[in-house]
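[1] sharing a model prediction with you, sequence too.
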Amino acid sequence: MARQMQDKIIQALRQVIDPIHRKDIVSLNMIAGLNTSAGEKGEHVSFSIEIDPARGAEMETLRQEAERVVAVLPGVAAVTAVLTAHRATQLKPLPGGRPRPPARMEIKGIKQIVAVASGKGGVGKSTTAVNLALAMAGTGKKVGLLDADIYGPSVPRMLGIEERPKLTPEKKIVPIERHGLTVMSIGFVTNESTPTIWRGPMVMGAIQQMLRDVMWGELDILVVDMPPGTGDAQLTLTQQVQLAGAVIVSTPQDIALIDARKGLNMFRRVDVPVLGIIENMSFFQCPHCGERSEIFAHGGAREEAAKMGCAFLGEIPIDLDIRKTSDDGLPLVVAQPESPQARTYGAIARAILAGLAEKGATDQREAALLSEARS
Ligand code: ADP
């Protein structure tokens, strides 16, 4: 079914002609990352159109045309096409023939953006993102947290934020400061009653606006709490924002791991390095006698990570205090900084920072190679 739908979409896109090359955008190999996901009212379709960065402005009409020809297909509920400056044809290839990284949105003042993702909802992604961001801030880094979970923005509740961000006279959004984190949430701008089907397209604009129009200031790291799943909202986000890396949160159950694998593949498809997998609600440790019980078939994520060739960052127990402290608006890393659970978050945060530092060094080498290739 998905295959048939993709064929129809490709067929439809053949009607869109690039005015310069006078050929259709499919024959010109300009379509990438075509993704469809079933929504309540039909398929949600997303794809990117790879263009020469010098032609960005004139290609907007072509992007709209591509969205239009797909939107009229029977069974399609929503379409998101994005322009990505992927093919820098005028530049010499990188040594070794490696493909060039696509040009994505970078945010002034933010050194690295890391996504916390999950293949499905309810695995504890937001709880993990919040505690990890706090643990990173505890190491002396300047950390921001963007809650982009359109389907359940829970960061304001977890951090006990009741106020709303203020606007400057220049219409810039002033993020909220809490426990040393600079925080912005999609929950500040969407309404609980916004129908889910509208959230994807609407939220994409809102997320971009949050990245662009928020006065983030100077940040070492921005942690993005992603919407769960691997649909169009997630894909667009991964394609548009310059992500330094992603971590995937999973529970030990197989089903969640199948979803986690989809998450991993999504990031790999768009060249975002996956820094590792975290197993949440991994085991239960009795608070009285300390005995550890493996409630689920524990260890699945570690094995799966090894199979998928990706790092395993650690396991977080299922723990009453983790839930209670989040519900009370004072996450565990702040409420009980000396607890074993807080130390676990700390160790995982340090592993992520180490992965990011490695990535930063690679980026610097690539930037040097790129400027060499340009000259
Ligand atoms: P997601 O963002 O994946 O939808 P949440 O972070 O909102 O999930 O967590 C879902 C529920 O599980 C929340 O009630 C949260 O407090 C609880 N939870 C998350 N991680 C743990 C954990 N390690 N131990 C106990 N409860 C947890």
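    Received, thanks.

[2] quick one: the helices in the stretch 101-250 of the chain, in order.
    Assigned by DSSP state H, counting those that start in this stretch, the helices in the stretch 101-250 of the chain fall at 125-138, 155-158, 196-213, 232-240.

[3] between those helices, which one is closest to Ala71.
    Closest to Ala71 of these, according to Cβ to Cβ: helix 196-213, at 10.8 Å. Yep, even glycine has a C-beta here, placed from its N, CA and C like the rest.

[4] quick one: contacts for Glu43?
    Met5, Thr36, Ser37, Gly75, Val76, Ala77 (Cβ atoms under 8 Å, 6 or more residues apart in numbering).

[5] looks to me like it is in a strand.
    Yes - the assignment for Glu43 by DSSP: H, G, I helix; E, B strand; the rest coil puts it in a strand.

[6] distance of it relative to Thr80?
    12 Å (Cβ to Cβ, to the nearest Å).

[7] again, but for Asp225
    20 Å.

[8] again with Lys172
    26 Å.

[9] those two: who's more crowded?
    Thr80 (21 against 14; other Cβ atoms under 10 Å).

[10] helix or strand for that one, just tell me which one.
    Here Thr80, judged by DSSP states H and E, is contained in strand 76-84.

[11] and that strand, average pLDDT?
    For strand 76-84, the mean per-residue pLDDT is 84.

[12] list the helices and strands it packs on?
    On a contact count with 3 or more Cβ pairs under 8 Å, 6 or more residues apart in numbering; DSSP states H and E, strand 76-84 meets strand 31-39, strand 42-50, helix 60-71, helix 196-213, helix 232-240.

[13] if we use 10 Å, what do you get?
    helix 2-13, strand 31-39, strand 42-50, helix 60-71, helix 196-213, helix 232-240 (3 or more Cβ pairs under 10 Å, 6 or more residues apart in numbering; DSSP states H and E).

[14] please list all residues in contact with Lys262.
    Under the criterion of Cβ atoms under 10 Å, 6 or more residues apart in numbering, the neighbours of Lys262 are Gly119, Lys120, Gly229, Thr230, Gln234, Ile248.

[15] assign it to helix, strand or coil.
    Per three-state DSSP, Lys262 ends up helix.

[16] quick one: it from the ligand, how far?
    15 Å (Cβ to the nearest ligand atom, to the nearest Å).

[17] so which of the helices of the stretch 101-250 of the chain comes closest to Leu219?
    When those are compared for distance to Leu219 using Cβ to Cβ, the nearest one is helix 125-138, at 10.3 Å.
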